[in-house]
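Engineer: Make a model of this:
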Amino acid sequence: MEPTAENLQPLLLSATDAASLIGIGRSLFWSMHSAGKVPLPVGLGKRRLWRRSELERWVDAGCPARSQWEAMKETG
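Structural biologist: Residues are numbered from 1 along each chain as shown. Predicted coordinates for the structure are as follows:
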């Protein structure tokens, strides 16, 4: 099946979409970001976007704090 606009899932998500993906509100997501509790976003121009795949792995790992998550990523 060839990808179409209807069946594509974006690789990068806005804060609103990232919050929705993990099941929380945008305000809580930004609070968690400020507190270092969610993975870091990537910069694309002036936008800050989160990798869908990283958020999925982060949730699978139990939603550790950012510092712990970064350490986990480094050790594989």
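Engineer: Tell me how far Met72 lies from Asp60.
Structural biologist: In this view, Met72 and Asp60 are 11 Å apart by CB to CB, to the nearest Å. Quick note: C-beta positions are derived from backbone N, CA and C, even for glycine.
Engineer: got the residue ranges for the helices in the chain?
Structural biologist: 15-22, 26-34, 52-60, 66-75 (DSSP state H).
Engineer: Could you identify which of these is most buried?
Structural biologist: When those are scored by mean count of other CB atoms under 10 Å, the highest mean neighbour count falls to helix 15-22 (a mean of 17).
Engineer: how far off helix 52-60 does that helix point, in degrees?
Structural biologist: Relative orientation of helix 15-22 and helix 52-60, computed by axes from the mean of the first three to the mean of the last three CA atoms, to 10 degrees: 40 degrees.
Engineer: helices or strands next to helix 15-22 in the packing?
Structural biologist: helix 26-34, strand 47-51, helix 52-60 (3 or more CB pairs under 8 Å, 6 or more residues apart in numbering; DSSP states H and E).
Engineer: Any chance you could list what contacts it?
Structural biologist: By CB atoms under 8 Å, 6 or more residues apart in numbering, the residues outside helix 15-22 that reach it are 10, 13, 25-26, 28-30, 33, 38, 41, 48, 50, 52, 55-56, 59, 63.
Engineer: now stretch 24-37
Structural biologist: Ala15, Thr16, Ala18, Ala19, Ile22, Val38, Pro41, Cys63, Ala65, Arg66, Ser67.
Engineer: picking up where we left off before, between the helices and strands packed on helix 15-22, which one is closest to Glu6.
Structural biologist: Closest approach to Glu6 among the helices and strands packed on helix 15-22 (CB to CB): helix 52-60, 17.1 Å.
Engineer: so what secondary structure elements neighbour the closest one?
Structural biologist: Looks like helix 52-60 contacts strand 12-13, helix 15-22 (3+ CB pairs under 8 Å, 6+ apart).
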